[in-house]
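Engineer: my questions are about this predicted structure, shown below with the sequence.
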Amino acid sequence: MPKAKKAAIYRRVSTLHQADKDSLPMQRNDLINYAKYVLNINNYEVFTDAGYSGKNTDRPAFQDMMQRVKNGEFSHILVWKIDRISRNLLDFSSMYATCKSLRVIFVSKNEQFDTSTAMGEAMLKIILVFAELERNMTSERVSATMISRANDGHWNGGRVPFGYFFDKISKTFAIKNDEAAVIHNIYDTYEREHSVVNTTQIINESGSRSRRGYKWTPTTTNIILRNPFYVGVLRYNRQSESQSTFKLKDKSEWIIIPDHHPAIIGKKQFELCATWLKKNQRIHGVAGHSQRKNIHIFAGLIHCGYCGSLMIATLGRKFTSGYRPSMYICSEKRISKKCKNKYVNDTTVGGFVFNYVSNLLHLQESFSPIYTESDIEQLLLKGDSFAHVSAINRLTLSTLRNTLLENKCGHIEYEHPSIKNHSVSSLQETTSLQVDLDKQKRALERLEELYLFSDDSMPQKDYLQKCQRFRNNIDELSKKLNESKKDSIFVTSLSDEKFIEKAIALLFNKSMQNGCIDFQKLVMDTGNRILKDFINSIVSDIIVKDGLILQIDFHNGTTHKFSYK
């Protein structure tokens, strides 16, 4: 069913020009009349940014409007001129891409751009061609600048290697003694063992953990042993990243800066370890960077249901269709043979996880307050992937139902006693912060209206000072509100805007057959890289035991547990 017509009227002026005091009322009246008598839309809402530059889209009213557009509230966006959105073509291109994906019509009255017409669409496409050209030229300039900076010995950012600390003020690296001790241990152990797997096992048994608190894996150990950063060398522009592979550039393009920072490992020890790595590489028939070409969708996410260890990814047997799934084995089993967990492959995990996410989306679309927890469970377990699942954890279902009720009805009905007491104080704090935030926003709007439209002139200095005070309060309250929402167990991936956007783009495509996702077809159509980026953006952990998915943890802290027949 097509959405009812509702226009978002956007207006922006700069307070630096006195003429703008007449501009805002004129824009408002003209656009409202245009919506009513040309577009035949009587339902509209006006969004105003006063005192903001058009150099970017970092403006409160614009961001509020786009958020509500993404929520499906508006069918049209109406502006006086295209530069009211932004004077930056890239920003406008991004906004228009969002509108197009949501089938929201964009209209610029003054320039007669109406994307519901063929001519309006064509004119905007011409603009987007130049936006793409500007984007590519910008990318080339940035790349050249980064290479120039690296040649001068500057750090271009990224993850700081384990064992070091980067001082943003002095722009220099310093050694972190506790982490450096682990690096020494890794190199000393490998020099003695000549085996990455054995080295990893010994380091883990010593109690050492990565910066994020995880056990070491052979992959991370191998990366550290091969990284010349630990002998004080800065290496840049070594590989080009495409959609699905890392390809080494010609060595003539590499930037190598020796003695760039303090070394943790001596050159003699590094070269000795490199010799053994190369020798083992030939013995096992592994080509230098071939492993990096193999993107394992669930690598780093699957943990063993027996011992809790990370499950390591390897390539499985190639199907006649050309599809080659990844296999995952418990790292503890691989290293010490002590764990009894079985292998699990991409088709098992992917079919379960992606169909479960798809069912979550369908549930959100179809949810009604009359749905019981049993109704929700039935919808979530729809499909052959869940044939052997007997139940979903009751707390999971209760929390999910309350969240859906909140989104649907604007309030939460408490039904599960184990979550009621835990959540009341958090909910009250969140509500109080939201009320205060709304008050500050309304006060800022009134101040802007007073300055722009009042007969009694207000000095611009006073106006700007008061505006800044309100905006500081809004920023502070927004931060507190976000923290409060993070602490609430009602926040689920269903309310994550990026999750919804990515899921719709990935799941509702030709890989959907008979209401279910054919995971093998999805991989063949979409590619491992996109699916890996997607699943890593929403899922933090998957627990698997003997080929069965016991639990899925989402990044925001929600946990979905499953029981089997």
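Structural biologist: Now that the structure is in, tell me what you want to look at. Residues are numbered from 1 along each chain as shown.
Engineer: can you pull the contacts of residue 104?
Structural biologist: Residue 104 makes contacts with 69, 74-77, 98, as judged by CB atoms under 8 Å, 6 or more residues apart in numbering. (Each C-beta comes from the backbone N, C-alpha and C, glycine too.)
Engineer: that one and residue 73, how far apart?
Structural biologist: Going from residue 104 to residue 73 by CB to CB, to the nearest Å gives 10 Å.
Engineer: one step back: and the contacts of residue 104, which is closest to residue 482?
Structural biologist: Within the contacts of residue 104, proximity to residue 482 (CB to CB) peaks at residue 69, which comes in at 21.0 Å.
Engineer: right, and the closest one touches residue 76 too?
Structural biologist: No: the criterion here is CB atoms under 8 Å, and residue 69 misses it with residue 76 at 9.7 Å.
Engineer: comparing those two, which residue is more hemmed in?
Structural biologist: More crowded of residue 69 and residue 76, by other CB atoms under 10 Å: residue 76, with 22 against 19.
Engineer: need the nearest residue in space to that one, chain neighbours excluded.
Structural biologist: Leaving aside its chain neighbours, residue 76 sits nearest to residue 7 (4.3 Å; criterion: CB to CB, 6 or more residues apart in numbering).
Engineer: just give me the neighbour total for residue 43.
Structural biologist: Quick note: residue 43 (other CB under 10 Å) scores 11 neighbours.
Engineer: likewise the one 10 residues further on?
Structural biologist: Burial measure for residue 53: 13 neighbouring residues, criterion other CB under 10 Å.
Engineer: again, but for residue 118
Structural biologist: Neighbour tally, residue 118, other CB under 10 Å: 9.
Engineer: cool, residue 549 as well?
Structural biologist: Neighbour count of residue 549, defined by other CB under 10 Å: 25.
Engineer: lowest pLDDT pick from the contacts of residue 104?
Structural biologist: Lowest in pLDDT among the contacts of residue 104 is residue 98, which has 84.
Engineer: my guess is it contacts residue 65. True?
Structural biologist: No: assessed by CB under 8 Å, residue 98 is found out of contact with residue 65, at 11.2 Å.
Engineer: out of these two, which sits in the more crowded spot?
Structural biologist: Using other CB under 10 Å as the criterion, residue 98 and residue 65 rank with residue 65 on top: 22 against 16.
Engineer: what's the spacing between that one and residue 94?
Structural biologist: For residue 65, the distance to residue 94 equals 14 Å [CB to CB].
Engineer: kindly report the same for residue 378.
Structural biologist: Distance of residue 378 to residue 94, computed by CB to CB: 40 Å.
Engineer: next up, the contacts around residue 68.
Structural biologist: By CB under 8 Å, 6+ apart, the contact set of residue 68 is 8, 74.
Engineer: can you list the domains in the protein?
Structural biologist: 7-134, 164-288, 294-412+491-565, 426-489 (automatic domain parsing).
Engineer: put together a markdown table for these, with distance to residue 157 on each row.
Structural biologist: A markdown table is the format used below for the domains of the chain (distance: least, CB to CB, whole Å):
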| stretch | distance to residue 157 |
| --- | --- |
| domain 7-134 | 21 |
| domain 164-288 | 9 |
| domain 294-412+491-565 | 20 |
| domain 426-489 | 24 |
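Engineer: quick one, which of those domains is nearest to residue 155?
Structural biologist: Closest approach to residue 155 among the domains of the chain (CB to CB): domain 164-288, 6.6 Å.
Engineer: where do the helices sit along the stretch 201-350 of the chain?
Structural biologist: 218-226, 267-283, 290-293, 331-336, 346-366 (DSSP state H, counting those that start in this stretch).
Engineer: following the chain onward from the longest one, which element is next?
Structural biologist: I take that to be helix 346-366. Note on helix 346-366: by DSSP states H and E, the next helix or strand toward the C-terminus is helix 373-380.
Engineer: after that next one, which helix or strand is next?
Structural biologist: strand 389-392.
Engineer: got the buried residues for that following strand?
Structural biologist: The neighbour-count check on strand 389-392 (16 or more other CB atoms under 10 Å) flags 389, 392 as buried.
Engineer: so how far is it from its chain's centroid?
Structural biologist: Its chain's C-alpha centre and that of strand 389-392 lie 29 Å apart, by CA atoms, centre = their mean, to the nearest Å.
Engineer: and it, which strands flank it?
Structural biologist: Strand 389-392 has the following strand partners under DSSP bridges: strand 559-564 (antiparallel).
Engineer: can I get stretch 70-83 as PDB, trimmed to CA atoms?
Structural biologist: Provided in PDB are the C-alpha atoms of stretch 70-83 (Å, rounded to 0.1, in the frame of the first residue of the first chain):
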ATOM      1  CA  LYS A  70      14.100   7.200   7.000                       C
ATOM      2  CA  ASN A  71      11.400   6.100   9.400                       C
ATOM      3  CA  GLY A  72       8.900   6.400   6.500                       C
ATOM      4  CA  GLU A  73       7.000   9.400   7.800                       C
ATOM      5  CA  PHE A  74       7.200  11.600   4.600                       C
ATOM      6  CA  SER A  75       6.600  11.000   0.900                       C
ATOM      7  CA  HIS A  76       8.100  14.300  -0.300                       C
ATOM      8  CA  ILE A  77      10.900  16.700   0.600                       C
ATOM      9  CA  LEU A  78      10.300  20.200  -0.600                       C
ATOM     10  CA  VAL A  79      12.900  23.000  -0.600                       C
ATOM     11  CA  TRP A  80      13.100  26.500  -2.000                       C
ATOM     12  CA  LYS A  81      16.500  26.000  -3.700                       C
ATOM     13  CA  ILE A  82      18.800  23.000  -4.000                       C
ATOM     14  CA  ASP A  83      21.500  24.900  -2.000                       C
END
